[in-house]
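1. here is a sequence together with a model predicted from it:
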Amino acid sequence: MKRFAIALMLWCSPAMADAPRVVTDIAPVHSLVSMVMEGIGEPVLLLNGSSNPHGGALRPSQARALAGADTIIWMGAGLTPWLADPVSHSKAQTLALLALPKTKRLPLREEFDDHGHDDHDHGHGDDEIDPHAWLDPMNAINWMTAIASQLSDIDPSNAERYTQNMEGALTALTTLSHDVETILTPVRDFHFAVDHDAFHYFEDRFGMMAAIAHSSGDGDKPGPQRMRAMLSRLAEKDIKCLFVEPDSSQRMIARLEGMVRVARLDPLGTTLQPGPGLYPALIKGMATDMAECLSQ
């Protein structure tokens, strides 16, 4: 909430007076937009680290930000269905990253096995698409052009700067993807489990394989059958690590950590400082934490 208030003050400061009013939904998207806007302005982050993007209710401060925005850049209703109506009623231009033609979209996974990844089917409806697409750096790379174009449309006086920032970001993101390949190559064949099936895109990009997830990618609460499946899978003793998120159930972790090493992954960057550096730190940090646990 404090960060949101600071962002609003910066929005109104003389130094930012000519900058477009840009609202983003989650911290990774905010980071990508910040890369393109660097030196011109700062976007507003609608959902702070403690907010669950899969479900929520619009606060008055968030409603004011949406109402005053020139453009809204967000993942789309697949991640935050409760934001769909407020965004649709905004007068701002909108950019839903999940809907962009170049976005690699993977289906929600329902079953896990040892035979590799699910076949990619790009014909699924939006309600069947895994919304965590920012965890594939190639998606982030493909989005940068659209972000720069959107900002240039509403702020043509800074179009050249947006393009320059975008080109620098593309170089940085390409290097990031290569670095993560290097980090993960030695542990690529090891099996692991996840609490929340939020990492499909990361796994698919870098050739990893989750054996089972406790909860599905759309944020649904897991039932007893899913827990029994996880316990059975862990009992086979080929799972080296269980990766959990900052808000994972402590009760669930306590029940499972006697069977497997537990390590934390943070797909939203909740512990990181929002801004241009968050997205690279998030992706590289996930790779480093994953490799460290799997290599033990």
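-> Cool, got the structure.

2. tell me the spacing between Leu278 and Phe202.
-> 16 Å (Cβ to Cβ, to the nearest Å). Where you see a C-beta, it was placed from the backbone N, CA and C, and this is true even at glycine.

3. go on, Gly56?
-> 24 Å.

4. more neighbours: which of these two?
-> Phe202 (23 against 15; other Cβ atoms under 10 Å).

5. distance of the more buried one from Asp136?
-> Computed with Cβ to Cβ, the distance linking Phe202 and Asp136 is 7 Å.

6. quick check: domain ranges of the protein?
-> 2-99+134-179, 186-294 (automatic domain parsing).

7. where does Ser232 sit: helix, strand or coil?
-> Put simply, Ser232 is helix when judged by DSSP: H, G, I helix; E, B strand; the rest coil.

8. the chain should start at 10 in everything you say after this.
-> Got it, the first residue is 10 from now on, which makes the last one we talked about Ser241.

9. helix or strand with the lowest mean pLDDT in the chain?
-> Least confident helix or strand, the chain: helix 11-21 with a mean of 47, by mean pLDDT, DSSP states H and E.

10. next up, the contacts around Pro52.
-> Residues near Pro52 by Cβ atoms under 8 Å, 6 or more residues apart in numbering: 16, 31-33, 39, 42-43, 46, 82.

11. sorry, wrong one. I was asking about Ile150.
-> 179, 182-183, 186.

12. out of those residues, who's nearest Leu115?
-> Using Cβ to Cβ, Ser186 comes nearest to Leu115 of the contacts of Ile150, at 17.1 Å.

13. so which elements touch the helix or strand hosting that closest one?
-> Here Ser186 sits within helix 168-193, counting by DSSP states H and E. If you count contacts as 3 or more Cβ pairs under 8 Å, 6 or more residues apart in numbering; DSSP states H and E, helix 168-193 packs onto helix 36-46, helix 146-163, helix 209-215, helix 287-303.

14. circling back to that earlier point, buried ones among the contacts of Pro52?
-> Buried subset of the contacts of Pro52 (neighbour count, 16 or more other Cβ atoms under 10 Å): 16, 31-33, 39, 42-43, 46, 82.

15. which of the residues you listed lies closest to Gln159?
-> Out of these, the member with the shortest distance to Gln159 (by Cβ to Cβ) is Ile82, at 6.7 Å.

16. pretty sure that closest one sits against Thr33.
-> Yes. Counting by Cβ atoms under 8 Å, Thr33 is a contact partner of Ile82 at 5.2 Å.

17. what do these two both touch?
-> 42, 52.

18. still on that earlier bit, give the buried residues for the helix holding Ser186.
-> 170-172, 174-175, 178-179, 181-182, 185-186, 188-189, 192-193.

19. helix 146-163 and that helix, what's the angle between them?
-> 170 degrees (axes from the mean of the first three to the mean of the last three Cα atoms, to 10 degrees).

20. angle of helix 168-193 against helix 287-303?
-> 0 degrees.

21. what separation is there between the residue nearest to Val42 when sequence neighbours are not counted and Val96?
-> Distances taken as Cβ to Cβ, 6 or more residues apart in numbering put Pro52 closest to Val42, at 4.7 Å, once the chain neighbours are dropped. Going from Pro52 to Val96 by Cβ to Cβ gives 15 Å.
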